[in-house]
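1. make a model of this:
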Amino acid sequence: MLGIQSCSQKKNNFLNRFFHNTNARWNGYFNATEAYKTGKGKINSGHKENYRKLLPLYIYGDEEMATTVQADMDLVIKKCSRVIEYHSMDIKGKEYVKWIDDCWMLIGKAYFYEKNYKECIPIFKYVTKKFKGEQKYQARLWLIKSHIQTENYDQADALIRLLADDNKVPEDIMPDVKATIAEYYLTQEEYTKAMLELEEAVLIQKDKDIATRWMFILAQLYAEQGESIRANNTYKAVAKRHPEYEMEFWAQMNRALSYSAEDGSSYDIKKVLLKMLRDDKNIEYRDKLYYALSKIYDQEGSEERQISALLLSAESSVEDNYQKGLSFLELAEIHFARPEYIPAQAYYDSTVQYIPEDFPDREEIVNIKNSLTELVENILIIQREDSLLALSEMPEDELDALIDEIIEERLAEEEARRLAEENQSTTFNDGGFQNEVSNEKGAWYFYNDKTIGLGKQEFAKQWGNRPNEDNWRRSDKSSISLDELGTFNETAVDSVLSGITDKSKYMKDIPFSPEAKSKANENIVEAYYALGIIYKEKMDDPMHAIGAFRNLLSRYDTSKYQINCLYQLYRMYLNDNRIDSSNYYKNYILSKFPYSDYAKIINDPDYAKDMDSKKKAALEAYKKAYYYYSRGFYSACITECENAEIKMPDNHIALKFKYLKALSAAGSMDKKGLIASLEKFKKDNAGSAEAKDAEERIKILKSEKKIEAKDLPPPDYKFDKNGRHLAVMLLPVEGSEIEKIKERIDNYNKAYHGNLKLSISAVLLNKETHMISIKQFENSKTALDYFSDFSKNRTSLKKINELENDFFVISYTNYALFFQDKRVENYLDFHKSTYEL
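-> Numbers count the residues shown, from 1 in each chain. This is a model prediction of the structure:
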């Protein structure tokens, strides 16, 4: 009878309390605590610190880790739940088993690490109301953590204020309270408040490892806020505490990265870095150490040393592509600022190869690289054509001797390369120092100093060394550096051409005939004008742009770009307030080209606005016409094109309208009629870009091979997170009761998603497939939430979801591409990789 009574949870006596406290602690709670420790250990061991970014104050794990530890945390929940069920002595609202509140807290924490916030938040709230003492405050603390994780910042802020006004918060949880409040302020980007809270947390935290980690984060915050001295001192203090080696290494590294010349001498920091470089255990970190040194040299204003350190950093980097990309980026930016565009292009190109997709400002870096690549290509065209033109003017015997000399050099190079390969010689090749080009480029003349020199001499003779009449700020920069060109080309080619001794290969690109010479000069004209535009529009470098335009006028004063160059020079000199030079080009245009659009713009500034307005109107009309054409509405397209011809007869894209009209008219023709129509257009508009396109279409039509849709590349679908979306269902035409399905979906929408005010439409995607569209959703998240609810519904939508159909969400932009392409599998692949992760 005593044994039965001792197990009672409703009678408050010593034996009952002793029995349930003992069993609660040493059976369920102990085992739950061990499982909790195991799960936490997995989270900590699975976490990889990224010292380049602000470290997290707490390690909670990601979604994948939550799945990994779910079994451990489920065991915690199970054990603690049994303790509460079988050992709780809640009598008249008071709990007499002191482990019960611990079990509730452990259950809440287990759900927290499973990222099941819907379960953990009510539990923490329950503990704050049910229990007193430390667990009440622990529960409030974990409620704040939960609200931070769910981005419910108003609730987090309210609880923080509640804790701040409570003077009964236990001392042993105060470090955690302060650090959690700091975590909240970091999410709000209130860094000063975060630092103040974290400073207090560090001072009262008794756990050395935790305190050291928080000190490191505090140093990171000081550095981000520009407090370099405090950052330096705090990193130094972290290193003296000898944490695990990677943190100690980064503490020393970050001392250098946060150093400012205003902080005083860098001697001590450099001494530490150089010592670390000599230590064999830092071999894998040398790229980072050299990079840190480069930052100090940057602060000291020693640019050449900075460049040397960055080159050593890139060369030392074996596995860390991020660091390699970072070093190349610094090199690219240095050369770009000088400005030395050719080496800058090489380094930007290497940067893009190594930096990850989520690298800060990656899109801007890629854009700069692309602009520089375009610029360098045009520089090389000029140098190539000038070199070849110079070779074409050489006496035959001299040219023959020069080619013999080059062949000998090439053979020697090939032999040296063969020997190096046999000896397994390795050479640092990072993309920044060696730019390989295809063997088929015919660039043999770049191998020889003499042929390169011929191109340079031609440059100098024509424009490279002439004085600058306008006293530009740096006259030697108005033209492209020939030494720069030569250096780039001498290192640009690293491949061996087949048939080294075949002289005909060396002769085939030289323009001996008048037609070939004319073509070479045309290439130079195009390259010069492109250079000027790139310098002006993409590089924001009027100095080089002026040089390019003036050089083009100097060498080819009657080229098709003559008036364009004159107007560009007029505008750039005017913008630079160089009135005399500006007036010179203005008067030249007005006297030589009085009826041109440029002359009209000079005389009447509003003329340009009117032209822009007309261009915009023409582009809008063309966009509308092309929309109809792309969807097969040929009659509507023809009408739009004819309207444009009537309303805007002199528009700048009149030929594009004419071509689109011809293509639409051909839409209803058979293959023979289409070819005839395109042949006529090509003949009437010879030399235009549209005529060339027509010629390509004719070739395709005449080819025996029929191009299947499956052979075409998939559309360029792009994820539009914040753009409007639709939900789309595809059903077979045969056997599908479309109207009934639409009615069921409409009823479901009104019942469960009435606030979205959705509409439904149905069209034929093709002759076999119905397409039901549900619209519209404001963004991808709203669409995906609907998609998920719809797909899981097994009541009102059960029959629809059991049908064999394709169901997906799609942005309006991608919908246009999908409707035109009609290949369902292409979009489903995109949907799976983008929306279903």
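2. pull the contacting residues for I524.
-> Shown in contact with I524 (Cβ atoms under 8 Å, 6 or more residues apart in numbering): 381-382, 385-386, 555-556. (Each C-beta comes from the backbone N, C-alpha and C, glycine too.)
3. closest one of these to A420?
-> Comparing these against A420 with Cβ to Cβ places I381 closest, at 32.2 Å.
4. checking that closest one next. Helix, strand or coil?
-> helix (DSSP: H, G, I helix; E, B strand; the rest coil).
5. and the strands in this protein?
-> Ranges of strands in the chain, per DSSP state E, are 90-91, 94-95, 725-732, 759-766, 769-777, 806-811.
6. reformat those as JSON lines; add mean neighbour count.
-> Below are the strands of the chain laid out as JSON lines (neighbours: other Cβ atoms under 10 Å):
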{"stretch": "strand 90-91", "mean neighbour count": "14"}
{"stretch": "strand 94-95", "mean neighbour count": "13"}
{"stretch": "strand 725-732", "mean neighbour count": "21"}
{"stretch": "strand 759-766", "mean neighbour count": "12"}
{"stretch": "strand 769-777", "mean neighbour count": "20"}
{"stretch": "strand 806-811", "mean neighbour count": "21"}
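7. export the ones you listed to a markdown table and append columns for distance to D540 and mean pLDDT.
-> As requested, these are exported to a markdown table (distance: least, Cβ to Cβ, whole Å; pLDDT from 0 to 100):
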| stretch | distance to D540 | mean pLDDT |
| --- | --- | --- |
| strand 90-91 | 74 | 64 |
| strand 94-95 | 72 | 66 |
| strand 725-732 | 38 | 92 |
| strand 759-766 | 47 | 84 |
| strand 769-777 | 40 | 90 |
| strand 806-811 | 34 | 93 |
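8. now P542. Nearest residue, chain neighbours left out?
-> Distance criterion Cβ to Cβ, 6 or more residues apart in numbering; nearest residue to P542, sequence neighbours excluded, is M572 at 5.0 Å.
9. H652: which of the strands of the chain is closest?
-> That would be strand 806-811 among the strands of the chain, by Cβ to Cβ, at 31.5 Å.
10. what lines up beside the closest one in the sheet?
-> strand 725-732 (antiparallel) (DSSP bridges).
11. and the partner strand, how far out from the chain's middle?
-> Chain-centre distance of strand 725-732: 31 Å, with Cα atoms, centre = their mean, to the nearest Å.
12. the inter-axis angle of it versus strand 759-766?
-> 50 degrees (axes from the mean of the first three to the mean of the last three Cα atoms, to 10 degrees).
13. measure A416 to E315 for me?
-> Here the criterion is Cβ to Cβ, to the nearest Å. By it, A416 lies 22 Å from E315.
14. who's more crowded, these two?
-> Between A416 and E315, counted using other Cβ atoms under 10 Å, the more crowded position is E315 (17 against 11).
15. look up how far S327 lies from the more buried one.
-> Separation of E315 from S327 (Cβ to Cβ): 9 Å.
16. over to Q776?
-> To S327, Q776 is 47 Å away according to Cβ to Cβ.
17. what does E200 give?
-> Counting by Cβ to Cβ - E200 and S327 are separated by 38 Å.
18. the two: who's more crowded?
-> Using other Cβ under 10 Å, the more surrounded residue of E200 and S327 is S327, with 31 against 17.
19. can you pull the contacts of that one?
-> 287, 290-291, 294, 310-311, 313-314, 317.
20. again, only this time at 6 Å
-> Residues in contact with S327, defined by Cβ atoms under 6 Å, 6 or more residues apart in numbering, are 291, 310, 313-314.
21. can you pull out the low-pLDDT segments for the stretch 151-300 of the chain?
-> Confidence mapping of the stretch 151-300 of the chain against pLDDT under 70 gives the ranges 261, 263.
22. thinking again about what came up before, any chance of the strands of the chain in CSV, plus distance to A344?
-> Shown next, in CSV, are the strands of the chain (distance: least, Cβ to Cβ, whole Å):
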stretch, distance to A344
strand 90-91, 73
strand 94-95, 71
strand 725-732, 41
strand 759-766, 49
strand 769-777, 44
strand 806-811, 36
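23. care to break this protein down by domain?
-> 1-115, 131-206, 221-313, 379-560, 628-707, 725-834 (automatic domain parsing).
24. how long is the shortest one end to end?
-> End-to-end distance of domain 131-206 (Cα to Cα, to the nearest Å): 26 Å.
25. local confidence estimate at K671?
-> Note on K671: pLDDT of 72.
26. I should have written Y113 there, sorry.
-> 94.
27. residue contacts, it?
-> Y113 touches M73, counting by Cβ under 6 Å, 6+ apart.
28. quick one: residues contacting the residue nearest to V127 when sequence neighbours are not counted.
-> Using Cβ to Cβ, 6+ apart and skipping residues adjacent in sequence, the residue nearest V127 is A139, 3.7 Å away. Applying Cβ under 6 Å, 6+ apart, we find A139 in contact with 124, 127-128.
29. which of those residues lies closest to M73?
-> Closest to M73, out of all of these and judged by Cβ to Cβ, is F124, at 15.4 Å.
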